[in-house]
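Visitor: Compute the structure for the input listed below.
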Amino acid sequence: MKILILTWRDLAHPAAGGAEVYTEQVAARWARRGIDVTLFAAAVADRPAEELVDGYRVVRAGGKYTV
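Guide: Next comes the predicted model:
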């Protein structure tokens with residue numbers, strides 16, 4: 001199974017809050033169960049465009065209105 005999460009911010013975003021914490025906890029739990037999870041969020045300065053976090057892939061591109 002593969003899951004794609006589309007969201008404006010991830011935990012690396014300076015304006016991240018409770019919604020991002022919740023979303024990323026769910027993504028990490030799915031990944032621990034063997035599900036291929038990708039979280040797509042807006043780009044963040046000084047963060048890579050793609051990285052592995054807690055077993056799931058984070059892809060960052062675009063901004064607030066173009067993500």
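Visitor: burial measure for residue 20, as a count.
Guide: Residue 20 has 19 neighbours, counted by other C-beta atoms under 10 Å. The C-beta positions use only the backbone N, C-alpha and C, and glycine is treated the same way.
Visitor: How about the one 3 residues further on?
Guide: By other C-beta under 10 Å, 18 other residues sit near residue 23.
Visitor: Am I right that it is in a strand?
Guide: No: Residue 23 is assigned helix when assessed by DSSP: H, G, I helix; E, B strand; the rest coil, not a strand.
Visitor: For it, which non-adjacent residue is closest in space?
Guide: residue 7 (6.0 Å; C-beta to C-beta, 6 or more residues apart in numbering).
Visitor: pretty sure that neighbour is in contact with residue 22, am I right?
Guide: No: using C-beta atoms under 8 Å, residue 7 makes no contact with residue 22, being 10.7 Å away.
Visitor: Of the two, which one has the most company?
Guide: It is residue 7, of residue 7 and residue 22, that has more neighbours when counted by other C-beta under 10 Å, with 16 against 10.
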